[in-house]
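1. Here is my input; please provide its structure:
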Amino acid sequence: MEFRHDPQADAIYIYLREKAYSYGIDLDDERRIDYASDDTPIGVELLCVSKGVNLDDLPRKDEIAEILEHNRIEAYTMEGYPVEEGGILFNIKLASPETKEAEMATAQLKAREEVTV
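-> Okay, the predicted model is just below:
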């Protein structure tokens with residue numbers, strides 16, 4: 001796995017496999033997965049990495065998390081669950097070089113609540 005970081009663009013590209021690019025899918029405004037013609041993920045583009053990287057839905061996310069940690073870039077996952085009272089309960093797991101506690105939930109909140117961290 002090859003890692004390229006452009007601090008000026010606040011972007012990272014992680015090469016997963018050496019195959020020709022066929023197409024890419026944007027997961028959101030800050031994450032894109034590139035694929036080969038056989039639908040194999042070949043790379044991941046991550047933008048705004050200084051704010052942290054959402055690992056949800058990324059291929060080989062454990063390996064990507066290790067690379068990010070090694071390069072002192074925070075990573076996190078977010079899982080949402082519908083609740084009876086309305087809204088969604090989020091179980092947010094943060095991981096950073098300092099905490100290294102990605103398995104422990106750090107916050108739970110409803111979708112309608114506003115939280116400043």
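
2. Count the neighbours of D39 for me.
-> By the measure other CB atoms under 10 Å, the count of residues near D39 is 8. Bear in mind the C-beta positions are built from the backbone N, C-alpha and C, glycine included.

3. Spell out the secondary structure type for it.
-> Secondary structure assignment for D39 (DSSP: H, G, I helix; E, B strand; the rest coil): coil.

4. Give the buried residues for stretch 66-81.
-> By 16 or more other CB atoms under 10 Å, the buried positions in stretch 66-81 come out as I67, L68, E69, I73, E74, A75, Y76, T77.

5. wait, which of those is closest to L16?
-> Using CB to CB, I67 comes nearest to L16 of the buried residues of stretch 66-81, at 10.8 Å.

6. List just the nearest of the buried residues of stretch 66-81 to G43.
-> I67 (12.7 Å).

7. where's the closest one relative to A20, distance?
-> Separation of I67 from A20 (CB to CB, to the nearest Å): 23 Å.

8. can you check T40 too?
-> Separation of T40 from A20 (CB to CB): 10 Å.

9. How about Q8?
-> According to CB to CB, Q8 and A20 sit 28 Å apart.

10. The one helix or strand I33 maps to - contacts with which helices or strands?
-> Using DSSP states H and E, I33 falls within strand 31-35. Secondary-structure packing of strand 31-35 (3 or more CB pairs under 8 Å, 6 or more residues apart in numbering; DSSP states H and E): strand 23-28, strand 41-47.
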